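S.K.: Just to be clear, the model below is a prediction. Sequence and coordinates:
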Amino acid sequence: MNLTRLERYRLANQLRILEALYPDEAEDYAIQREALERGYEFNYSMRTDHLDADVMTEDECKEVWNTMDMFVSIGRSIEELKLEGLEDKLFTKFAGYDGNNETKFMAFAAYTVERLKRFTHLPMQEPGYFNSHMPVRPVYGRMLSKWLEIPMPNRFDMGRDALLAVLQEAIHPENR
């Protein structure tokens, strides 16, 4: 981590304030402040290890929310069209994201529902469980592309043909 002198100065001052606010942790803050003041780059990250290096971009966040919107739309459309039996098919409910390969997406989806209290009505394969245990972004991506082709006024109340076209995209093109 490279910091300018001004960045080091600002962070050192913030750590000095934290030293005063939290006497029980003052020694740890003082050690980190000293590393910043003296320019010990190796130690800069001592207090930032808990921060994720792999951030969610705005586009990635929008992708997750659009995907969740799509699954809300799928659930609503299945219910409105009274297509019994279809609600139990694969990819008619949100499965989460793969915890091994799509970790930040899984974490953001859980954060959205659990902390932001958004999409609390999201139809899920396993309610409250956000790990699909298999990569799903390519599947969601194909489905989402088809769903976004639907004019906005019809997106949340899809007709039968539009719904089936979106669900068809869950099948890999080579297997259709």
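M.R.: It's in.
S.K.: check contacts around Glu27.
M.R.: Neighbour list for Glu27: empty [criterion: CB atoms under 8 Å, 6 or more residues apart in numbering]. C-beta here means a position set from N, CA and C on the backbone, and glycine is covered the same way.
S.K.: So for the host helix or strand of it, what gets flagged as buried?
M.R.: Using DSSP states H and E, Glu27 maps to helix 26-38. Neighbour counts using 16 or more other CB atoms under 10 Å place 26, 29, 32-33, 35-36 of helix 26-38 among the buried residues.
S.K.: quick one: which of those is nearest Asp161?
M.R.: Nearest to Asp161, judged by CB to CB, of the buried residues of helix 26-38 is Gln32 at 60.4 Å.
S.K.: Any figure for the gap between the closest one and His50?
M.R.: According to CB to CB, to the nearest Å, Gln32 and His50 sit 13 Å apart.
S.K.: Need the residues touching each of those two.
M.R.: In contact with both Gln32 and His50: no residue, using CB under 8 Å, 6+ apart.
S.K.: follow-up on the earlier one: just the closest of the buried residues of helix 26-38 to Leu6, please.
M.R.: Using CB to CB, the buried residues of helix 26-38 come closest to Leu6 at Leu36, 11.6 Å.
S.K.: so which helix or strand takes in the residue nearest the centre of the chain?
M.R.: Nearest to the mean C-alpha position of the chain, by CA atoms, centre = their mean, lies Phe108 at 2.4 Å. Element membership for Phe108 (DSSP H and E) is helix 103-114.
S.K.: Return the list of helices and strands in contact with the longest helix belonging to the chain.
M.R.: Determined from DSSP state H, the single longest helix within the chain is helix 58-81. With contacts taken as 3 or more CB pairs under 8 Å, 6 or more residues apart in numbering; DSSP states H and E, helix 58-81 sits against helix 103-114, helix 137-149, helix 160-168.
S.K.: tell me the domain ranges of this structure?
M.R.: With domains defined by automatic domain parsing, the chain comprises 5-47, 58-175.
S.K.: deepest of these, which one?
M.R.: Of all the domains of the chain, domain 58-175 carries the top mean neighbour count, a mean of 16, counting by mean count of other CB atoms under 10 Å.
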